[in-house]
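Asker: Next one to model:
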Amino acid sequence: MEIQEILRRLRAGESDRAIHRALGMHRETVKKYRVWASEQGLLTSELPSVAELHHLLATTLPSSAPPQNVSSVEPYREWVVRLRAEGVEVAAIHARLQERGYRGSYAAVWRFVRQLEPVLPDATVRVERRPGEEAQVDFGYAGLLRDPYSGQMRRSWAFVMTLAWSRHQYVEFVFDQKVETWLLCHRRAFEFFGGVPQRVVLDNLKAAILRACQDEPQVQQAYRECAQHYGFLIAPCRVRTPQHKGKVEQGGVHYVKRNFLGGRETTTLTQANREVRRWCQTTAGQRAHGTTKRQPLVCFQEIEQACLQPLPSQPYDVGVWKLLKLHRDCHVVFEGSYYSAPFAYIGQRLRLRAGLQWVRLYSPDYQLIATHERAEAPGTRRTHLEHLPPAKVPGLVLNRTGCQAQAARIGPATATVVRHLLDDGVIDRLPTAGRLLRLREVYGDARLETACQRALAFGDPAYLTVKRILTQSLDQQPLPSEGQGLSPARTFVRTARELVGHVLGGVSWS
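Answerer: Below you'll find the predicted structure:
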């Protein structure tokens, strides 16, 4: 009880009963203070200062202080101090004291230890930042929202970015906390503010921090790229210290839940994002903030917006990094689609960076080795032929139209032989035609054309015939002219009479 208040009532002439009712003080205590004040001349003379008054009270009325009891643990003080220095818990100390004959309670030991080691109050130091210096980001569960595409109710989260000085904020509802979502939310938040803060304070969520560590945090490669592109510093909180980003914890995520989401009927994700954007500019932006006592939107527009770093000329191409194995078919698999890489890297783990438009593959030491347009649907194959073993490429690209066009470029005889092969109505001769055309790689176009001419001259336009002509160098010999060395073709060596003489007149055939 403040002694000044007691003296004020005593000097005003209030009775002991009245002071007892007003201050809840025992009447005997009031009487004791009245006698003391009268002895010290405090009822009529000018009152001393507060410090002098308390000093006077302590020296002339010592019975006003509570009695000091001696702890039952006091005889064991040195023993308790030594055990506490070794880190022994209070319960164990109580047990050790009982072994030495102590009969007091655990509570007595606990009180004695508290007197030895007074607990300091848990003080909070509020840190304020300069305009444009810092933004704080966080994800918070936002309940169920309707998917505008499937119509199903899905769990959703609120992404909140709050500028530390003005408290102006950006809010967006999403269905996941993937790296792509995290990065896109940053991009749209910076575009909403029209600038970039110097640093971004965040929790150690996996979309941003792979391994939490106070001194050497391991940052997601994609988030590192985003920070480099926009020019902000990544500032992860210490593990399990969310109060280090209290501006977005209390005035951001919790405020969105209490105010915007509180009592709201279920809606779609699209509608919720449209309405929360307007809410940021009106309700949240124009309220008198509980700490700053100013309107966040006004502070932002008048001061902080001009202090933000300018946006880069191009928005960040959101990229996701993956470590993927190159399989025997010379492709890696990402989100159900297939992307080729040079066959020399088969079996190795390549670094894939998937942007919104392009997918790039890097060697283990970050050398760019392949670039593909990003597939729009699972199951799509993106293949560069130069990534495949050379011996496998011809069979992959072989088709009838291509064969005929290639043969025509070699010469008319080759085109005739290929057409003869492809016109087979029973057997698919496309692979055979391909092998015939690949003979040019060994013998050249001119010799292949000559070999096809010789095969046609002998009436045998077959692949094996053309190949035999080339391997035996028969294509380098002149073709016999008509009538020289070429006898008319015969179906049978014997005459018809010899074959069917028994029918024509009884001639036998032996």
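Asker: What ranges does the stretch 201-350 of the chain have for its helices?
Answerer: 221-230, 246-248, 255, 269-281, 283-286, 296-299, 305-307 (DSSP state H, counting those that start in this stretch).
Asker: and the shortest one, how far from the chain's centre?
Answerer: Taking Cα atoms, centre = their mean, to the nearest Å, the mean C-alpha location of helix 255 is offset from the chain mean by 25 Å.
Asker: give me the beta-bridge partners of residue 171?
Answerer: residue 160 (DSSP bridges).
Asker: ok, residue 473 to residue 450 distance?
Answerer: Distance of residue 473 to residue 450, given as Cβ to Cβ, to the nearest Å: 11 Å. Yep, even glycine has a C-beta here, placed from its N, CA and C like the rest.
Asker: quick revisit: next, format the helices of the stretch 201-350 of the chain as TSV and append mean pLDDT, distance to residue 336 and mean neighbour count.
Answerer: As requested, these are arranged in TSV below (pLDDT from 0 to 100; distance: least, Cβ to Cβ, whole Å; neighbours: other Cβ atoms under 10 Å):
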stretch	mean pLDDT	distance to residue 336	mean neighbour count
helix 221-230	88	20	19
helix 246-248	65	35	23
helix 255	86	40	24
helix 269-281	94	24	16
helix 283-286	92	40	18
helix 296-299	95	44	19
helix 305-307	96	43	15
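Asker: I'd like to know which of those helices is closest to residue 407.
Answerer: helix 221-230 (50.1 Å; Cβ to Cβ).
Asker: Show the residue spans covered by the helices in the stretch 351-500 of the chain.
Answerer: Using DSSP H, counting those that start in this stretch, helices in the stretch 351-500 of the chain cover 393-397, 400-410, 412-422, 430-437, 440-457, 463-471, 496-499.
Asker: Going by how many neighbours each has, rank residue 473 and residue 450 and give me the top one.
Answerer: residue 450 (22 against 11; other Cβ atoms under 10 Å).
Asker: lowest-pLDDT helix or strand in this structure?
Answerer: Using mean pLDDT, DSSP states H and E, the weakest-scoring helix or strand in the chain turns out to be helix 501-504, at a mean of 53.
Asker: need the contact list for the residue positioned nearest the centre of the chain.
Answerer: By Cα atoms, centre = their mean, the chain has its centre lying nearest to residue 179, at 2.1 Å. Contact analysis of residue 179 by Cβ atoms under 8 Å, 6 or more residues apart in numbering lists 207, 220, 222-223, 320.
Asker: Let's see that with 10 Å instead.
Answerer: For residue 179, the contact set (Cβ atoms under 10 Å, 6 or more residues apart in numbering) comprises 206-208, 220-223, 226, 318-322, 354.
Asker: same deal with residue 445?
Answerer: Applying Cβ under 10 Å, 6+ apart, we find residue 445 in contact with 409-411, 414, 437, 439.
Asker: and what of residue 423?
Answerer: Residue 423 neighbours (Cβ under 10 Å, 6+ apart): residue 429.
Asker: where's it relative to residue 228, distance?
Answerer: Residue 423 is 62 Å from residue 228, by Cβ to Cβ.
Asker: and what of residue 378?
Answerer: Where residue 228 is concerned, residue 378 sits at a distance of 31 Å (Cβ to Cβ).
Asker: Residue 397 too?
Answerer: In terms of Cβ to Cβ, residue 397 sits 41 Å off from residue 228.
Asker: and what of residue 174?
Answerer: Distance of residue 174 to residue 228, given as Cβ to Cβ: 24 Å.
Asker: now do residue 38
Answerer: Separation of residue 38 from residue 228 (Cβ to Cβ): 79 Å.
Asker: ditto for residue 14
Answerer: Residue 14 sits at a distance of 74 Å from residue 228 (criterion: Cβ to Cβ).
Asker: Now the strand ranked longest in the chain: buried residues?
Answerer: Among all segments of the chain classified by DSSP state E, the strand with the greatest residue count is strand 134-146. For strand 134-146, the neighbour count (16 or more other Cβ atoms under 10 Å) marks 134-140, 142, 145-146 as buried.
Asker: same deal with stretch 382-393?
Answerer: 382, 387-388.
Asker: Quote the end-to-end distance of that stretch.
Answerer: 15 Å (Cα to Cα, to the nearest Å).
Asker: How far off centre is it?
Answerer: Distance, centroid of stretch 382-393 to centroid of chain: 33 Å (Cα atoms, centre = their mean).
Asker: do stretch 428-440 as well
Answerer: The mean C-alpha position of stretch 428-440 is separated from the chain mean by 51 Å, Cα atoms, centre = their mean.
Asker: buried sites along that stretch?
Answerer: Buried-residue list, stretch 428-440, by 16+ other Cβ under 10 Å: 429-430, 432-437, 439-440.
Asker: Distance of the closest residue to residue 194 other than its chain neighbours relative to residue 285?
Answerer: Spatially, and ignoring its direct neighbours in sequence, residue 194 is nearest to residue 305 (6.2 Å; Cβ to Cβ, 6 or more residues apart in numbering). Separation of residue 305 from residue 285 (Cβ to Cβ): 12 Å.
Asker: again with residue 200
Answerer: 20 Å.
Asker: For the closest residue to residue 336 other than its chain neighbours, list the residues it contacts.
Answerer: Leaving aside its sequence neighbours, residue 336 sits nearest to residue 378 (Cβ to Cβ, 6+ apart; 2.9 Å). By Cβ under 10 Å, 6+ apart, the contact set of residue 378 is 333-338.
Asker: Max pairwise distance over those: which two?
Answerer: Farthest pair in those, by Cβ to Cβ: 335 and 338, 10.3 Å.
Asker: Residue 322: how many residues sit nearby?
Answerer: Neighbours of residue 322 (other Cβ under 10 Å): 18.
Asker: Can you mark which positions in stretch 4-19 are buried?
Answerer: Applying a neighbour-count criterion of 16+ other Cβ under 10 Å, one finds 6-7, 9-10, 14, 16, 19 buried in stretch 4-19.
Asker: Those residues in helices, which ones?
Answerer: 6-7, 9-10, 16, 19 (DSSP state H).
Asker: The closest residue in space to residue 129 that isn't next to it in sequence and residue 306: what is the separation?
Answerer: Residue nearest to residue 129 in three dimensions, not counting chain neighbours: residue 164, with 4.1 Å by Cβ to Cβ, 6+ apart. Residue 164 sits 16 Å away from residue 306, taking Cβ to Cβ as the criterion.
Asker: what sits against the residue nearest to residue 194?
Answerer: 131-132, 163, 166, 168, 193-195, 299.
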